[in-house]
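Student: Need the 3D shape of this:
(one chain, ligands or ions: 1)
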Amino acid sequence: MKKIPVGILGATGVVGQQYVTLLSNHPWFEVRFLAASASSAEKSYSEAVGDRWHSTLAIPEKIGAMRVRRLDEIEKAINECAFVFSSVNNETAKLFEERFAEHGLPVLSNASYHRASTDVPVLIPEVNPGHIDIISLQRKNRNWSKGFILAKPNCALQSYMIPLTPLHNRFGVKKLAITTLQAMSGAGYPGVPSMDIVDNVIPYIPDEEEKSEQESLKMWGHLTELGIASEKNIALSVHCNRVPVLDGHLACVSMELEQKPHPDEVIHLWQTFQGVAQELHLPSAPAQSIHYLFQKDRPQPRLDRLAGSGMSVTVGRLRPCSLFHYRFVALSHNTIRGAAGGMILNAELLFKMGYFA
Ligand code: NAP
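Tutor: Prediction:
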């Protein structure tokens, strides 16, 4: 199969580097265009990243030698790519992502800027694949024929939305209280100063709690003629904390359901859950999206974040809750499942559905 040429906007950042690593041997996609800020432009990718390279794996040779472009070199991107992954910061997303889409290039965005728009899907294939259909309304609203914008949720959401979705589909989620313990790489590079985070927990991540609540309810919402209508019947409260962990966001979840299942049923649902990504055998789909761990002290970021090559969510400690029905702990890798890997999975699903033809 001839590979589909793709671009990465924000290729030099923490998430951009994860894209470079994950796409270097991808069976369907090939990186042909890299863009970043003016301070990286015109340099080779290796030179632009320099000592900011985050992975223990080396920079793939071919990509390391590619020239980094400015973000306004849109014509070049159009000539070279079928679509672009965007991992720029929010301010830059606001200035550039729509410009790429109006020029006919689909933009798969990691930034939060477009996530609240009712005609933009916020996608996890195992959670809300049907939301892709809103793209036709988006194109109509904005008079775009080929381009579109698709987002994925905040990096903490994959840890709890993936295990909660099969329970929501079967028993109905009614109330949720969630506390996240989020890794330092979630703040980009250089991120939180080491003097602030070592020997510490920071109980505040700007806008993160609001985004976590709104995006979860949007993802469980339904499509209308006017756009995606968020779910209104679930009470949800999220606390977000930054902790001194390199990679891996942990979520402690208390849940009340419309119907209370037996705990064995919950674990069975998790262990047997297969979403559209597994049914279609997408290349980045883990065999199991959810791994339930029976050890009392798991999941742990250092031990479990690379489950399913960083694409599976590990869940443990399902137990009764004195306020709600049950409590559990869930973990996902924030730069793989929560960012680049999750978006590559979205791209694979879109490709299968003919969106890059
Ligand atoms: P980052 O490490 O700060 O990287 C930002 C990228 O944007 C770099 O490539 C940077 O290029 C580029 N950039 C900055 N200003 C620019 C400008 N004016 N014009 C063009 N390019 C510019 O951030 P990150 O952690 O990778 O996050 C990227 C996006 O993904 C953010 O929107 C973030 O909220 C979201 N996200 C992050 C995570 C995570 O776990 N880190 C997870 C999910 C979503 P230079 O290197 O040239 O400055």
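
Student: so which residue of this protein comes closest to the ligand?
Tutor: Nearest residue of the chain to the ligand, counting by Cβ to the nearest ligand atom: G13, 1.9 Å away. From N, CA and C alone the C-beta is placed, and that goes for glycine too.

Student: wait, that residue sits on T92?
Tutor: No: contact criterion Cβ atoms under 8 Å: G13 and T92 do not qualify, at 10.3 Å.

Student: Pick out whichever of those two has more residues nearby.
Tutor: Between G13 and T92, counting by other Cβ atoms under 10 Å, G13 is the more crowded of the two (25 against 19).

Student: Check what pLDDT the residue nearest to P261 when sequence neighbours are not counted gets.
Tutor: In this structure, P261 finds its nearest non-sequential neighbour in F171, 5.5 Å apart by Cβ to Cβ, 6 or more residues apart in numbering. F171 is assigned 98 on the pLDDT scale.

Student: Same question for V243.
Tutor: 98.

Student: And it, how far from Q300?
Tutor: 12 Å (Cβ to Cβ, to the nearest Å).

Student: and what of L280?
Tutor: 31 Å.

Student: now do A93
Tutor: In terms of Cβ to Cβ, A93 sits 33 Å off from Q300.

Student: what's the answer for G172, then?
Tutor: Counting by Cβ to Cβ - G172 and Q300 are separated by 31 Å.

Student: Those two: who's more crowded?
Tutor: Neighbours were counted for G172 and for Q300 using other Cβ under 10 Å; Q300 has more, 17 against 13.

Student: got the buried residues for stretch 215-231?
Tutor: Neighbour counts over stretch 215-231 (16 or more other Cβ atoms under 10 Å) mark 215-221, 223, 227-228, 230 as buried.

Student: Stretch 144-158 too?
Tutor: Applying 16+ other Cβ under 10 Å to stretch 144-158 flags 144, 146-158 as buried.

Student: what two of these are the furthest from one another?
Tutor: K146 and A156 (32.4 Å; Cβ to Cβ).

Student: so L181 sits in a strand?
Tutor: Yes: checked against DSSP: H, G, I helix; E, B strand; the rest coil, L181 lies within a strand.

Student: Now the helix or strand that contains I63: average pLDDT?
Tutor: Using DSSP states H and E, I63 falls within helix 61-64. Mean pLDDT, helix 61-64: 96.

Student: correct me, but S159 touches H333?
Tutor: No: when contacts are counted by Cβ under 8 Å, S159 is not listed as touching H333 (9.2 Å).

Student: who's in contact with F83?
Tutor: 4, 6-7, 105-108, 347, 356 (Cβ atoms under 8 Å, 6 or more residues apart in numbering).

Student: what about 6 Å?
Tutor: Taking Cβ atoms under 6 Å, 6 or more residues apart in numbering, we find F83 in contact with 105-106, 356.

Student: who wins for neighbours among the residues you listed?
Tutor: Neighbour-wise, these (other Cβ under 10 Å) top out at P106, 23 neighbours.

Student: Specify which member of the buried residues of stretch 215-231 is nearest to E258.
Tutor: The nearest one, if we look at the buried residues of stretch 215-231 relative to E258 and count by Cβ to Cβ, is W220, at 13.2 Å.

Student: wait, that closest one sits on K232?
Tutor: No: using Cβ atoms under 6 Å, W220 makes no contact with K232, being 10.0 Å away.

Student: that older thread, narrow the buried residues of stretch 144-158 to those in helices?
Tutor: When the buried residues of stretch 144-158 are checked against helices (DSSP state H), the matches are 157-158.

Student: Quick check: which element contains I178?
Tutor: Using DSSP H and E, I178 falls in strand 173-182.

Student: Strands along the protein, start to end?
Tutor: For the chain, the strands defined by DSSP state E occupy 4-9, 29-36, 69-70, 83-86, 107-109, 149-151, 173-182, 222-224, 227-229, 235-242, 249-257, 290-293, 313-320, 326-332.

Student: what's the most buried one of these?
Tutor: strand 83-86 (a mean of 28; mean count of other Cβ atoms under 10 Å).
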